[in-house]
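Participant: Let's see this in three dimensions:
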Amino acid sequence: MSRPLTARQQHVFDFIVKTMGEFGYPPTRAEIAKALGFRSPNAAEEHLRALERKGVIRIIRNTSRGIRLPNQEPTEALDTAVTPLPANAEAPPTGLPVIGEVAAGSPILATEHIDRYCPLPPEYFTPKADYLLKVRGLSMKDIGILEGDLLAVHRTERVRDGQIVVARLDDEVTVKRFKRQGHKVTLFAENADFAPIEIDLRSQSLDIEGVGVGVIRGGNGQALG
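Facilitator: Numbers count the residues shown, from 1 in each chain. Next comes the predicted model:
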């Protein structure tokens, strides 16, 4: 029989379970340290190793979120069924791509635009997200989309009036509220300092890259519906 957990170990274990229940993935060492007031991620690592020795978690080495609960065996069985990569190959990225600066005229999901991957499953959002777009500027601040946030985007060209869209105007990508009347489209900012953008589809180009389905505050993983 394994030894009982100390009070501090129980707090760490409870935080792991809570995070996995809310977000579908385990916390990093840094997130544990911040949430529980440890001085550094190294302190969190020591508690994780103690929990592993007591058999309540398993640690997958060399990964930032490599914490598993013993009852996650079905997931691990699926992992072992995957054909291993060659020794010199990089593991394929997982999670949602985070799009930073978008080069003029190129696809928004081009490799060179991807800053990193966020370990959120697409199904965390409804409808599912295809990528996260880093927000620049304050044109949508009045509805809580702020500089540095990550906007979760569902790729579609079919939009309705009033939806928040990611639109490409010639070579510029922008986030605005959509409204259409006949051949005229207006893209509204949610900030009185910004004038609406009006597009005449008979003579101007407009491409919809997707609709906003959620916001991650400050890019730190705190998702908002």
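
Participant: Could you list the low-confidence segments of this protein?
Facilitator: 1-2, 22-24, 62-64, 71-93, 102-106, 218-225 (pLDDT under 70).

Participant: Arg168 sits in which helix or strand?
Facilitator: Using DSSP states H and E, Arg168 sits within strand 164-169.

Participant: In contact with the residue nearest the centre of the chain, which residues are there?
Facilitator: The centroid of the chain falls nearest to Cys118 when counting by Cα atoms, centre = their mean (4.5 Å). Contacts here follow Cβ atoms under 8 Å, 6 or more residues apart in numbering; on that basis Cys118 touches 95-96, 98, 132, 150, 216, 221. C-betas here are computed from N, CA, C, even on glycine.

Participant: In strands, which of the residues you listed appear?
Facilitator: 96, 98, 132, 150, 216 (DSSP state E).

Participant: What would stretch 123-137 look like as PDB? C-alpha coordinates only.
Facilitator: This file holds the C-alpha atoms of stretch 123-137, laid out as PDB (Å, rounded to 0.1, in the frame of the first residue of the first chain):
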ATOM      1  CA  GLU A 123     -13.100  21.000 -29.600                       C
ATOM      2  CA  TYR A 124     -12.500  23.200 -26.600                       C
ATOM      3  CA  PHE A 125     -14.400  25.800 -28.600                       C
ATOM      4  CA  THR A 126     -17.800  25.600 -30.300                       C
ATOM      5  CA  PRO A 127     -17.700  25.400 -33.200                       C
ATOM      6  CA  LYS A 128     -14.200  23.900 -33.100                       C
ATOM      7  CA  ALA A 129     -11.200  26.300 -33.500                       C
ATOM      8  CA  ASP A 130      -8.700  25.800 -36.400                       C
ATOM      9  CA  TYR A 131      -6.100  28.300 -35.200                       C
ATOM     10  CA  LEU A 132      -5.400  31.100 -32.700                       C
ATOM     11  CA  LEU A 133      -4.700  34.600 -34.000                       C
ATOM     12  CA  LYS A 134      -2.600  37.000 -31.900                       C
ATOM     13  CA  VAL A 135      -4.600  40.200 -31.600                       C
ATOM     14  CA  ARG A 136      -2.800  43.500 -32.600                       C
ATOM     15  CA  GLY A 137      -4.200  46.800 -31.500                       C
END
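
Participant: before we move on, the earlier item: now the contacts of Cys118 in a markdown table, please, with extra columns for distance to Pro122 and neighbour count.
Facilitator: Output for the contacts of Cys118, formatted as a markdown table (distance: Cβ to Cβ, whole Å; neighbours: other Cβ atoms under 10 Å):
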| residue | distance to Pro122 | neighbour count |
| --- | --- | --- |
| Gly95 | 9 | 15 |
| Leu96 | 6 | 24 |
| Val98 | 13 | 18 |
| Leu132 | 10 | 27 |
| Leu150 | 14 | 26 |
| Ile216 | 13 | 24 |
| Gly221 | 15 | 17 |
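
Participant: Counting by contacts, list what the lengthiest helix in the chain packs against.
Facilitator: Among the segments of the chain that qualify as a helix by DSSP state H, the longest is helix 7-23. When contacts are defined as 3 or more Cβ pairs under 8 Å, 6 or more residues apart in numbering; DSSP states H and E, helix 7-23 packs onto helix 29-36, helix 41-53.
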